[in-house]
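>>> For reference, the sequence and a predicted model appear below.
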Amino acid sequence: MKNEFVPYEQALELKELGFDEDCLAYYLKDNKTLKLAEGYYIVTRNFRDNKMEYELNNSNFLFGKNKPINLYNLSTSPLYQQAFRWFREKYRLYGKPEYFLNDWYCFIINDMKEEDNSRRLFTEFPSYEEAELECLRKLIEIVKNK
């Protein structure tokens, strides 16, 4: 499960870039150990109009908004999919890892703001997870250099 979350260094860089969304995990200041939400109910069930509805219990479960909570200085850690969505929505950068050739992986970044829909291809990663992390690092680098 922990592999689904952005690593410590990239979580801090996202915070510096303005990432400020609710997350299910966090890192305490100067601590690279991922902290997952524990001991809270994730879902609230309600029976309305003869059907069951489910809602996240925001007040007790989500860590967040990259602000100190309970006197702790923390940095939230988004899921990879949440970070990629944030880059699409905020910066119009679409990045995705994918299979390339002969058991190698690549990632593609499209700048959706450019009229020619600029496309960058980066290849030769031995695993999907390595391509995913490198894609995130490259998205961070692109935004930092703008």
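Arrived safely.
>>> Work out the gap between the helix or strand harbouring L139 and the centre of the chain.
Applying DSSP states H and E as the criterion places L139 in helix 128-144. Relative to its chain's centre, helix 128-144 lies at 11 Å (CA atoms, centre = their mean, to the nearest Å).
>>> Give the phi and psi angles for the residue lying closest to D103 once chain neighbours are set aside, as a check.
Nearest non-adjacent residue to D103, counting by CB to CB, 6 or more residues apart in numbering: P126, 7.7 Å away. (C-beta placed from N, C-alpha, C; glycine too.) Main-chain dihedrals, P126, degrees, to the nearest 10: phi -70, psi -10.
>>> And P78, by the same measure?
The phi/psi pair for P78 (degrees, to the nearest 10) reads phi -80, psi 160.
>>> measure it to F107 for me?
18 Å (CB to CB, to the nearest Å).
>>> so what does the helix holding L139 touch, helix or strand wise?
helix 8-17, helix 80-91, strand 93-99, strand 105-111, strand 119-125 (3 or more CB pairs under 8 Å, 6 or more residues apart in numbering; DSSP states H and E).
>>> which parts of it are buried?
131-136, 138-140, 142-143 (16 or more other CB atoms under 10 Å).
>>> Put together JSON lines for the helices and strands packed on helix 128-144, with distance to K35 and mean neighbour count on each row.
Formatted as JSON lines, the helices and strands packed on helix 128-144 follow (distance: least, CB to CB, whole Å; neighbours: other CB atoms under 10 Å):
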{"stretch": "helix 8-17", "distance to K35": "11", "mean neighbour count": "18"}
{"stretch": "helix 80-91", "distance to K35": "16", "mean neighbour count": "17"}
{"stretch": "strand 93-99", "distance to K35": "26", "mean neighbour count": "17"}
{"stretch": "strand 105-111", "distance to K35": "28", "mean neighbour count": "19"}
{"stretch": "strand 119-125", "distance to K35": "28", "mean neighbour count": "13"}
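>>> No more questions from me, cheers.
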